[in-house]
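> What shape does this take:
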Amino acid sequence: MLDKTPLKDVRNIGIIAHIDAGKTTTTERILYYTGVIHKMGTVDDGNATMDWMAQEQERGITITSANTTTFWKNKKINIIDTPGHVDFTVEVERSLKVLDGAVVVLCATSGVQSQTETVWRQADRYKVPRFFFINKIDRLGADFYSVIDQIHDRLGANAVGVQMPDGAEDDFRGIVDLIEMDYIVYEDDTGMNFKRQPIPDHLKEDAELRRHDFLEKLADADDGIMEKFLEEQEITPGEIKEAIRKSVIANTFLPVFVGTALRNRGVQPVLDGITDYLPSPLDVSSITGTDPKTEEEKTFKTDPSDPLSALVFKIASDPYVGKLFYTRIYSGTITSGSTIYNSSAMKKERISKIVVMHSNKQEIVAKAEAGEIVALVGLKDTKSGETLCDDKNQILIESMNVPEPVVSMAIEPKTKADQDKLGLTLRKFLDEDPSLKVQYDKETGQTIISGMGELHLDIIIDRMKREHGLQTEIGRPQVAYREAITQKVTGVVGKFISQTGGRGQYGHCIIDVEPAEKPGDGIVFVNKIKGGAIPREYIGPVEKGVRSAALNGVLAGYPVTDFTVTLVDGSFHEVDSSEMAFQMAGKIALKEALRKGGPVFLEPVMNLECSAPEEFMGAVMGDLNTRRAKIVNLGTRGKLKTARCEVPLAEMFNYANALRSLTQGRASFSMEPSFYAEVPVHIAEKIKGTREEAASKR
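This is a model prediction of the structure:
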């Protein structure tokens with residue numbers, strides 16, 4: 001049975017960061033200090049509690065977000081540990097959609113990296129209150145204040161240390177608490193026992209200056225502190241904490257903590273920060289959605305007695321209970337055995353079981369209420385991102401943002417017996433992972449899977465083999481190219497007339513098509529029909545036909561994106577017109593417009609950040625130039641030189657091995673999708689040739 005923790009004492013939080021900043025290790029320490037586990041595992045040994053998948057343990061990275069529940073100082077904390085690798089960014093996206101707060105972990109040496117910026121933007125999108133934990137202060141090149149400067153420069157955040165480290169690298173000795181103005185020193189290797197004592201004399205002056213700076217920044221965010229600060233009155237720790245809490249929830253101030261999770265230092269103050277500063281479900285806005293019938297906005301309060309509203313944010317398969325539907329309940333109550341309504345799919349669903357998750361272990365409960373994150377069992381037609389509610393009081397919550405895949409790979413079963421199995425397995429993965437796409441390429445006769453990167457697709461293939469015994473042949477990764485038009489085309493006619501005896505078919509539309517105002521706008525459909533030239537019931541089919549035609553471009557069959565279609569005129573027949581006829585007319589019109597619109601190929605361009613010792617930077621830059629990279633910024637981080645650049649994904653396959661050999665393994669890099677850009681002419685010709693060659697081999 002779920003405990004009866006009051007909602008004001010519940011914290012739904014995520015641990016988010018760039019890969020290798022120490023998220024999973026920090027979560028492991030949190031579980032140890034709160035008594036959930038009695039032995040600390042490590043990512044390197046493959047025995048961290050939250051990295052339960054075999055692939056995570058082998059590779060030492062987090063692939064899937066895992067959640068667990070723990071208690072600290074009578075507060076209940078639901079934690080989601082998220083991946084840091086860009087290939088699994090959708091896991092972060094869907095976690096942030098349902099969380100009330102987050103801890104952003106940064107490496108004291110690497111600072112704010114490219115994926116940090118990505119998760120920061122995701123948190124901004126959902127207005128998630130957060131604070132920073134600068135981890136790995138014991139590492140070579142660690143610099144606490146340099147990382148805070150990067151937070152200001154790259155993230156534009158009003159962040160300031162509420163602690164300061166005593167030393168760094170091997171000389172890291174303790175932590176000064178600038179709120180209580182005392183010194184935290186640890187007494188054992190596990191970090192379980194620590195004491196607070198007066199600040200050592202050699203740190204007092206610096207601590208006073210740092211505290212003054214911190215209070216000045218807090219005063220910018222809180223009027224009460226501002227008044228006392230300007231009048232030079234004493235501000236108590238209680239007043240400071242209350243002001244920080246209000247400012248964190250309002251996203252106007254971000255406290256920064258310091259420590260080293262691997263060496264068990266500084267994690268308990270982070271736990272205090274979670275309970276003291278991050279919001280409870282009652283502190284964040286009530287859930288707002290639309291009525292699926294009237295499309296009017298409606299709001300439900302975070303209250304167990306309000307009508308039910310919940311969002312399924314993730315689906316995972318369990319070998320014993322089947323599918324687990326991870327769900328955030330915003331309002332109302334869900335009871336085991338009850339029937340609820342899926343307003344996204346417009347279907348009733350029955351819940352056979354409700355479980356509270358601890359990594360991959362489960363605890364069965366009879367009911368769950370507003371503010372909880374649980375997993376439901378027994379749903380049949382629900383997908384990730386869909387809304388569950390009461391049949392009699394329906395609401396539709398906005399779904400999460402899913403990025404477009406950038407890498408594709410051909411996949412074929414090794415044996416005839418595996419043919420049917422492949423379809424079923426892919427369907428299961430598509431239910432679980434909204435960033436995975438599958439399509440059948442008619443030109444080459446192949447099944448194409450598309451994802452967020454090479455690693456993403458590698459994991460999918462590996463899971464097929466381990467979990468389903470499915471042997472597959474795979475083609476080398478291909479770039480997910482797009483097509484786009486470069487000029488406006490007006491008055492394009494789409495006409496579909498068919499007379500085969502009996503009732504005929506008649507659909508006729510006229511469209512204008514122009515490139516989108518900015519990259520990333522996708523397909524925009526505008527209806528400017530006046531005077532009923534096309535009846536209202538046929539407008540939708542025209543749009544459907546346009547979107548269907550856009551799936552296969554005229555250059556080489558790649559999807560077409562970033563254009564605006566304006567339906568300006570058309571005609572209909574009283575008897576022969578039908579939805580199908582207008583859908584076909586929309587298709588014909590768009591294909592004609594694409595041919596006239598100066599079509600070009602677009603390719604995904606990545607944001608790349610590379611760090612290497614100075615003696616290797618020349619070779620790294622030379623190699624990047626051969627990969628069509630455009631250098632954006634050169635800098636220094638500690639003893640390393642850094643380069644940020646924009647580089648086409650097509651040039652970056654197997655880059656990890658190339659960089660390793662160029663720098664004797666001493667460089668590191670991270671990259672993430674940034675935007676689509678037009679492909680140079682000589683590359684475009686190659687793409688066409690490759691597609692034609694593949695089609696001829698069918």
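
> which ones are touching the residue nearest to Gln487 when sequence neighbours are not counted?
Excluding its sequence neighbours, the residue lying closest to Gln487 (CB to CB, 6 or more residues apart in numbering) is Gly598, at 4.6 Å. Every C-beta, even on glycine, is put in place using the N, C-alpha and C of the backbone. By CB atoms under 8 Å, 6 or more residues apart in numbering, the residues touching Gly598 are Ile485, Thr486, Gln487.

> again, but for Glu579
Glu537, Tyr538, Gly540, Pro541.

> cutoff 10 Å now
Gly507, Glu537, Tyr538, Gly540, Pro541, Val542, Lys544, Gly545 (CB atoms under 10 Å, 6 or more residues apart in numbering).

> got it, and Gly35?
Counting by CB under 10 Å, 6+ apart, Gly35 has contacts Thr70, Phe71, Trp72.

> Show me the one in the residues you listed that has more neighbours than the rest.
Each of the contacts of Gly35 was scored for neighbours by other CB atoms under 10 Å, and Thr70 scores highest at 20 neighbours.

> Mind listing the residues bridging to that residue?
As for beta bridges, Thr70 partners with Ile77 under DSSP bridges.

> follow-up on the earlier one: closest one to Thr387 out of the contacts of Glu579, please.
Closest approach between these and Thr387, by CB to CB: Gly540, at 22.4 Å.

> Let me see the confidence value for that closest one.
Turning to Gly540, the model gives it a pLDDT of 92.

> Torsion angles phi and psi at it?
Dihedral pair for Gly540: phi -60, psi -50, per degrees, to the nearest 10.

> Now do stretch 179-198: distance to the chain's middle.
Distance of stretch 179-198 from its chain centroid, counting by CA atoms, centre = their mean, to the nearest Å, is 36 Å.

> what's the answer for stretch 632-649, then?
24 Å.

> Name the residues of it that are buried.
Neighbour-count burial for stretch 632-649, counted by 16 or more other CB atoms under 10 Å, picks out Arg637, Gly638, Leu640, Lys641, Thr642, Ala643, Cys645, Glu646, Val647, Pro648, Leu649.

> ok but the fourth one is inside a helix, no?
So that's Lys641. No - counting by DSSP: H, G, I helix; E, B strand; the rest coil, Lys641 is not part of a helix but strand.

> Quick check: which ranges of the stretch 1-150 of the chain have low pLDDT?
Residue ranges of the stretch 1-150 of the chain with pLDDT under 70: 1-3, 40-66, 81, 83-89, 91.

> which residues touch the residue lying closest to Leu155 once chain neighbours are set aside?
Among residues not flanking Leu155 along the chain, Trp120 sits closest, at 5.2 Å (CB to CB, 6+ apart). Trp120 is in contact with Ile16, Ala17, Ala102, Val104, Val112, Val128, Arg130, Ile151, Arg154, Leu155, Gly156, Ala157, counting by CB under 10 Å, 6+ apart.

> show me what contacts the second one?
Shown here is Ala17, whose contacts under the criterion CB under 10 Å, 6+ apart are 23-24, 26, 62, 82-84, 92, 102-107, 113, 115-116, 119-120, 132-133, 135.

> isn't there a strand covering Tyr676?
Yes - judged by three-state DSSP, Tyr676 forms part of a strand.

> what's the spacing between it and Tyr481?
9 Å (CB to CB, to the nearest Å).

> shared neighbours of the two, anything?
With CB under 10 Å, 6+ apart as the test, Tyr676 and Tyr481 both reach Val406, Phe601, Leu602, Glu603, Pro604, Leu649.

> out of those, what pair is the most spread apart?
Spatial extent of the shared contacts of Tyr676 and Tyr481 (CB to CB) is set by the pair Val406 and Phe601 at 14.1 Å.

> For Val160, list each beta-bridge partner.
With DSSP bridges as the rule, Val160 is bridged to Pro255.

> Just give the number of residues close to it.
Neighbours of Val160 (other CB under 10 Å): 22.

> got it, and Gly451?
27.

> picking up where we left off before, so which of the contacts of Glu579 wins on neighbours?
For those, neighbours tallied by other CB under 10 Å; top is Gly507, 32 neighbours.

> sec struct for it, please.
strand.

> ok, it to Phe300 distance?
For Gly507 relative to Phe300 (CB to CB), the value is 43 Å.

> again with Ile354
For Ile354 relative to Phe300 (CB to CB), the value is 20 Å.

> Of the two, which one has the most company?
Ranked by neighbour count (other CB under 10 Å), Ile354 and Phe300 place Ile354 first, with 26 against 22.

> Pull out the buried positions in whatever helix or strand that one lives in.
Using DSSP states H and E, Ile354 falls within strand 353-358. For strand 353-358, the neighbour count (16+ other CB under 10 Å) marks Lys353, Ile354, Val355, Val356, Met357, His358 as buried.

> what are the bridge partners for the fifth one, then?
To tie it back to what came earlier, the one meant is Met357. Gln362.

> can I assume Leu430 is in contact with Gln439?
No - Leu430 is beyond contact range of Gln439, at 11.0 Å (criterion: CB atoms under 10 Å).

> what is the mean pLDDT for the strand holding Ile354?
82.

> Give the other helices and strands that it contacts.
When contacts are defined as 3 or more CB pairs under 10 Å, 6 or more residues apart in numbering; DSSP states H and E, strand 353-358 packs onto strand 66-72, strand 75-81, strand 309-318, strand 322-331, strand 361-365, strand 367-369, strand 373-377.

> Gln664: which of these is closest?
strand 75-81 (32.9 Å).

> In contact with Ile683: list those residues for me.
Counted by CB under 10 Å, 6+ apart, Ile683 has contacts Tyr481, Phe601, Glu603, Arg628, Pro648, Ala650, Glu651.

> which phi and psi does Lys591 have?
phi -60, psi -40.

> Mind pulling up the pLDDT for the closest residue to it other than its chain neighbours?
Closest residue to Lys591 apart from its sequence neighbours, by CB to CB, 6+ apart: Ala549 at 5.5 Å. Looking at Ala549, its pLDDT reads 93.

> Isn't Ala549 up against Arg595?
No - counting by CB under 10 Å, Ala549 does not reach Arg595; the two are 11.4 Å apart.

> the more surrounded of these two?
Ala549 (23 against 15).

> if we can go back for a sec, from the contacts of Gly598, which would you call buried?
By neighbour count, with 16+ other CB under 10 Å, those hold Ile485 as buried.

> pLDDT added to the contacts of Gly598, as a markdown table?
Compiled in a markdown table, the contacts of Gly598 are given as follows (pLDDT from 0 to 100):
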| residue | pLDDT |
| --- | --- |
| Ile485 | 92 |
| Thr486 | 92 |
| Gln487 | 93 |
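
> Using TSV, lay out the contacts of Gly598 together with distance to Ala585 and secondary structure.
Below are the contacts of Gly598 laid out as TSV (distance: CB to CB, whole Å; DSSP: H, G, I helix; E, B strand; the rest coil):
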residue	distance to Ala585	secondary structure
Ile485	19	coil
Thr486	25	coil
Gln487	23	coil
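
> any idea how far Pro599 is from Thr690?
17 Å.

> low-scoring stretches of the stretch 451-600 of the chain, by residue?
Low-confidence segments of the stretch 451-600 of the chain (pLDDT under 70): 500-502.

> Please enumerate the helices of it.
454-468, 539-549, 579-596 (DSSP state H, counting those that start in this stretch).

> most tightly surrounded among these?
A comparison of the helices of the stretch 451-600 of the chain by mean neighbour count, using mean count of other CB atoms under 10 Å, puts helix 579-596 on top with a mean of 23.

> next SSE after it?
Counting by DSSP H and E, the next helix or strand C-terminal to helix 579-596 is strand 600-613.

> Which is the succeeding secondary structure element to that following strand?
Downstream of strand 600-613 (by DSSP H and E), the next one is helix 614-626.

> residues in contact with that next one?
608, 610-613, 629-631, 634, 636, 639-643, 645, 647, 651-652, 655, 658-659, 661-664, 666-667, 669.

> Direction included, what does the helix or strand just after it pair against?
Downstream of helix 614-626, the first helix or strand assigned by DSSP H and E is strand 630-637. In the sheet, strand 630-637 lines up against strand 640-648 (antiparallel) (DSSP bridges).
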